[in-house]
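coords please:
(one chain, ligands or ions: 1)
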Amino acid sequence: MFNTITGEMNNDGVLTELLRCVEFGKVNKTAPFPPYMRGMDGADELTLLALKHGIGPAEILNDALIRAMERVGRKFSEKKIFVPQMLMSAKAMNTAMVHLKPFFQSGEVKRRGKFIIGTVTGDLHDIGKNLVAMIVEGAGWEVIDLGVDVGSKQFIQSLQGNCDAVIGLSALLTTTMHNMKAIVQDIKSEFPAVRMIIGGAPVNEQFRIEIGADGYASDPQGAVTYLNSLVA
Ligand code: B1M
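This next block holds a predicted model:
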């Protein structure tokens, strides 16, 4: 991991350290949390270092950041960590994403269409939704991000000025995924022609069929593939 002569880390070392920072919620060098990492580089510095080493943004995202969040989720399920630690990990991940965002957004600027996205009512998880928004935007779509805890009313209001837009619903909780059904029905009754795609860890193709949504994607690229298929 370290070059003993120069004291520098190789690429695997940088990614491993970045993964550790997100897993344990070390945001940046000056952050006091976690106490045993005090004074060490955090997600902020290590993401910049990874980019400086020429590691691709997709590799940084998939091999360090998303893997770290998978570990965080597993430990939360096993009651080895609790909500405050999850929040610190989310903060570290978001800090890293600030540096990656320009790469994902620098795609073709010609707009293919509009995409309105939100995390559904009752759900405050936004990391996955933000990633989808970023990558869809990078793929040439104009993105209107309504944020978290978004219900039918906000989606419908947003559609009123953008009736040609495609809607994206994200949910991370088994409880809130069921709110998607009412949102799909409410939107379809006001705007029958609007296309809607759903995503998020607990949902799948079977659930999409059950609630009458038009598309399902397990990841941001799947959302791009679906959206592009509508304008092909
Ligand atoms: Co929460 N949380 N959380 N959490 N959290 C999960 C989801 C959980 C699985 C953890 C666990 O128990 N193992 C669990 C849900 C269990 C369940 O429903 N069966 C859980 C729980 C229980 C809770 C609380 C209820 C905890 C509590 O308070 N007791 C609470 C709920 C609050 C609320 O929303 N009302 C809660 C709170 C939080 C924090 C606020 C602390 C924080 C969120 C911070 C934030 O988002 N700003 C948090 C976090 C960080 C997590 C985990 C650890 C990580 C989520 C994440 O960001 N993953 C998560 C465990 C896990 O997922 N492993 C967990 C990384 C992200 C890139 O993946 O969001 O899946 P994901 O998005 C993916 C795909 O799903 C897809 O693309 C993304 C990129 O690949 N995708 C789409 C997502 N949306 C899409 C839309 C599309 C297409 C694809 O088209 C429109």
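
Quick check: pLDDT value at E142.
pLDDT for E142: 88.

A217 now?
97.

where exactly do the strands run in the chain?
In the chain, the strands defined using DSSP state E lie at 114-119, 142-145, 166-170, 196-199, 215-216.

Give me the contacts around the second one.
Read it as strand 142-145. If you take Cβ atoms under 8 Å, 6 or more residues apart in numbering as the criterion, strand 142-145 is touched by 111, 113-118, 129-130, 133, 136-137, 158, 162, 165. Quick note: C-beta positions are derived from backbone N, CA and C, even for glycine.

That one near the ligand anywhere?
No: with Cβ under 6 Å from any ligand atom as the criterion, the ligand is not reached by strand 142-145; the gap is at least 10.9 Å.

Take that strand, keep the C-alpha atoms, and write them as CSV.
This file holds the C-alpha atoms of strand 142-145, laid out as CSV (Å, rounded to 0.1, in the frame of the first residue of the first chain):
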residue,chain,number,x,y,z
GLU,A,142,-32.2,18.3,-17.9
VAL,A,143,-32.8,17.2,-14.3
ILE,A,144,-35.2,18.8,-11.8
ASP,A,145,-34.4,17.4,-8.4
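
Listing partners with orientation, what would you give for it?
Taking DSSP bridges as the criterion, strand 142-145 forms sheet pairs with strand 114-119 (parallel).

how big is the angle separating the partner strand from strand 166-170?
Interaxial angle, strand 114-119 versus strand 166-170 (axes from the mean of the first three to the mean of the last three Cα atoms, to 10 degrees): 20 degrees.

If you average the pLDDT over strand 114-119, what comes out?
Mean per-residue pLDDT for strand 114-119: 97.

Extract the C-alpha set from that strand and format it as PDB.
The C-alpha coordinates for strand 114-119 follow below in PDB (Å, rounded to 0.1, in the frame of the first residue of the first chain):
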ATOM      1  CA  LYS A 114     -36.500  16.600 -18.800                       C
ATOM      2  CA  PHE A 115     -36.300  14.300 -15.900                       C
ATOM      3  CA  ILE A 116     -38.000  15.100 -12.500                       C
ATOM      4  CA  ILE A 117     -36.700  13.000  -9.700                       C
ATOM      5  CA  GLY A 118     -37.400  12.800  -5.900                       C
ATOM      6  CA  THR A 119     -37.200  10.400  -3.000                       C
END
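
how far away is the residue nearest to E59 when sequence neighbours are not counted from A68?
Distance criterion Cβ to Cβ, 6 or more residues apart in numbering; nearest residue to E59, sequence neighbours excluded, is L15 at 7.5 Å. Applying Cβ to Cβ, to the nearest Å, one obtains 10 Å for the distance of L15 from A68.
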